[in-house]
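Colleague: Got a sequence here, can you model it:
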Amino acid sequence: MNVVHHNAAGSGFLSPTGVEITFVLVGLVVLGAALVTVTTRQLVHAALWLVVALGGIAVEYLLLTAEFIAWVQVLIYVGSVVVLLLFGLMLTKAPIGRSPDADSENRWVALGVALAAAGTLVWVVADAFRSTWIDVHPANGPGATAVTGSSLFRFWVLPFEALSVLLLAALVGAIVLSRRRPEGRDR
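Modeller: Residues are numbered from 1 along each chain as shown. You can find the predicted model right below:
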């Protein structure tokens, strides 16, 4: 990864470029979609807002010139995970409209924990990378397919395989739940 340390004379926090402004605006849209995802009481609407949030993250990857990761985001998460979630909702005959079960009395505690976790994460990342700038334009930079593929197949094979097994188990579980026999019949 090519890391460049800039002085105050170079581009920085006080002189954002168009890409940086777009990055922040798309980030705000993703944040809004994520908030609607976790606050809506309709499961299908939550899944559709999740598509917006995950699609926005793919746009963020494109802005960082990580095209391969952006398309993986679209294919795996938007294409597969959300479709699996929607099939799970349909196969388990989950309520489509407003669901009183989709709300909890712990909403304020959960909001407090989420805000504390988000604040801590932002503080740690901002403190760790305060004066570090990544050059996103070199041919073999952090978003290049060769670098990404090498890192993916060297360090991240096991987590991706575990995720695929988890998704398969979720799909099989949804099918099993959808094929339950009526009460009172022998199994």
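Colleague: Please make it C-alpha for all contacts and neighbour counts, starting now.
Modeller: Noted.
Colleague: Could you list the low-confidence segments of this structure?
Modeller: Residues of the chain meeting the criterion pLDDT under 70: 1-14, 93-104, 132-145, 148, 174, 178-187.
Colleague: Run through the helices of it in chain order.
Modeller: Per DSSP state H, the chain carries helices over the ranges 18-39, 43-63, 67-72, 82-91, 107-128, 145-155, 157-178.
Colleague: Just send the ones you listed back as TSV, with mean neighbour count too.
Modeller: Shown next, in TSV, are the helices of the chain (neighbours: other Cα atoms under 10 Å):
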stretch	mean neighbour count
helix 18-39	16
helix 43-63	20
helix 67-72	18
helix 82-91	17
helix 107-128	11
helix 145-155	13
helix 157-178	13
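Colleague: center of this structure, which residue is that?
Modeller: The chain has Leu54 as the residue nearest its centroid, 5.0 Å off, counting by Cα atoms, centre = their mean.
Colleague: pretty sure that residue is touching Gly79, no?
Modeller: No - the criterion here is Cα atoms under 8 Å, and Leu54 misses it with Gly79 at 10.0 Å.
Colleague: any idea how far Leu28 lies from Leu166?
Modeller: The span separating Leu28 from Leu166 equals 30 Å under the rule Cα to Cα, to the nearest Å.
Colleague: How far does stretch 73-82 sit from its chain's centre?
Modeller: With Cα atoms, centre = their mean, to the nearest Å as the basis, stretch 73-82 stands 10 Å off its chain's centre.
Colleague: Would you mind listing the buried residues in that stretch?
Modeller: Going by neighbour count (16 or more other Cα atoms under 10 Å), the buried part of stretch 73-82 is 73-74, 77-78, 81-82.
Colleague: got the contact list for the residue nearest to the centre of the chain?
Modeller: Applying Cα atoms under 8 Å, 6 or more residues apart in numbering, we find Leu54 in contact with 30, 73-74, 77-78.
Colleague: Pick out whichever of those sits closest to Ser151.
Modeller: Looking at those and their distance to Ser151, the nearest is Gln73, at 16.3 Å (Cα to Cα).
Colleague: excluding its backbone neighbours, what's nearest the closest one?
Modeller: Counting by Cα to Cα, 6 or more residues apart in numbering, the nearest residue to Gln73 once its immediate chain neighbours are dropped is Ala58, at 5.7 Å.
Colleague: May I ask you to confirm that that neighbour is in contact with Ala70?
Modeller: Yes - counting by Cα under 8 Å, a contact exists between Ala58 and Ala70, whose distance comes to 4.5 Å.
Colleague: any idea how far Ser131 is from the residue nearest to Gln73?
Modeller: Using Cα to Cα, Ala58 is found at 26 Å from Ser131.
Colleague: One more: Phe153?
Modeller: Distance of Phe153 to Ser131, computed by Cα to Cα: 30 Å.
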